[in-house]
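Chemist: give me a 3D structure for the following:
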Amino acid sequence: MTSGTGGLSHFDDRGQAHMVDVSGKPVTDRVAVAVGAVRMTAETLSLITEGRAKKGDVLSVARLAGIMAAKKTADLIPLCHPLPITRVALELTADPTLPGVRIEATVKTSGQTGVEMEALTAVSVAALTVYDMVKAVEKSMVIEGVHLILKDGGKSGRYEAQ
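Modeler: Model prediction:
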């Protein structure tokens, strides 16, 4: 799946973007885990953990938004393949030492390509949803550290962040 552009598979020999042909790849079980966080003041975090946010249960709504986003990744990222996702799980944890909310998304499929983008999208949209739900009380929140920590399955095998 490499090309004449330094091994980037989403570009052809002329440097034009294209969707990678995965039809010759075997179907394998694949998993990806991504993480991120929303840093905020301790007061805003208390508002969330005590259920006092005017828009409702921030963590539950953000969890659902992340799940929905994982399922819509191919609609958002132009060269992603639509995949039969078999599992999406999000954990949103209030962390007073941050202070803020830590987010972890796990996505699974049995398919011909991985679900890294789905996991990253799930974390990103969950973080944006946390921001949206409490931005009226704090606009200075920071979404940070969104990255892949685990990918397994497929030809390239296992990746774990150090």
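
Chemist: from residue 75, how far out is the spatially most central residue of the chain?
Modeler: Ranked by distance to the mean C-alpha position of the chain (C-alpha atoms, centre = their mean), the top residue is residue 120 at 2.2 Å. Using C-beta to C-beta, to the nearest Å, residue 120 is found at 15 Å from residue 75. For the C-beta atoms, the positions are set from N, CA and C on the backbone; glycine is no exception.

Chemist: next: residue 46.
Modeler: Residue 46 is 36 Å from residue 75, by C-beta to C-beta.

Chemist: for the two, indicate the residue with more neighbours.
Modeler: Taking other C-beta atoms under 10 Å, residue 46 and residue 75 do not tie; residue 46 has more neighbours (14 against 10).

Chemist: please name the nearest non-neighbouring residue to that one.
Modeler: residue 52 (7.8 Å; C-beta to C-beta, 6 or more residues apart in numbering).

Chemist: ok, the residue nearest to the centre of the chain touching residue 33?
Modeler: No. Contact criterion C-beta atoms under 8 Å: residue 120 and residue 33 do not qualify, at 10.1 Å.

Chemist: for residue 105, grab phi and psi.
Modeler: Residue 105 has phi and psi values of phi -120, psi 130 when expressed as degrees, to the nearest 10.

Chemist: hmm, it is touching residue 124, no?
Modeler: No. Residue 105 sits out of contact with residue 124 when judged by C-beta under 8 Å, with a separation of 9.1 Å.

Chemist: ok, these two, which is more surrounded?
Modeler: residue 105 (30 against 19).
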